[in-house]
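give me a 3D structure for the following:
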Amino acid sequence: MVVALLRRAAISGWRANDEASGYLGDFVFDDDRVLVEVDGMAFHTDAETFQRDRRRQNELVNAGWAVLKFTWTDVTERPDYVVATIRQALKRSRSGVSR
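Prediction:
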């Protein structure tokens, strides 16, 4: 569903389920150092998973990545918000504005 959303919005330059600084990301925009994650409520099922996700995000940010996180509800009920947020992060990256 996210792939279709990105394609409809003519957002390119991404790879699905690929690596960014040693971590797997749902959608990775290497040139822009933007990583997009889509998580459902079931993803953070325990405290260890929740903690690991925070540590991962901090390491990615410290490595220069902008990490965007969306819920499945965002994708299905607020697709315009998802597209606008990704576009904003890509625009910010391309303008050279630091994160």
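
so the residue nearest in space to the middle of the chain: helix, strand or coil?
Nearest to the mean C-alpha position of the chain, by C-alpha atoms, centre = their mean, lies V36 at 1.0 Å. Three-state call for V36 (DSSP: H, G, I helix; E, B strand; the rest coil): strand.

now it: closest residue in space that isn't a chain neighbour?
F27 (3.9 Å; C-beta to C-beta, 6 or more residues apart in numbering). Backbone N, C-alpha and C define where each C-beta goes, glycine included.

need the contact list for the one you found.
V2, L6, W14, R15, A16, L35, V36, E37, V38 (C-beta atoms under 8 Å, 6 or more residues apart in numbering).

who's it bridged to?
Beta bridges link F27 to A16, V36 when assigned by DSSP bridges.

got any ranges where this protein has weak pLDDT?
41-45, 97-99 (pLDDT under 70).

who wins for neighbours among the contacts of F27?
Among the contacts of F27, L35 has the most neighbours (other C-beta atoms under 10 Å), with 27 neighbours.

residues contacting that one?
L35 sits next to A20, Y23, G25, D26, F27, V28, F29, L60, W65, A66, V67, L68 when contact means C-beta under 8 Å, 6+ apart.
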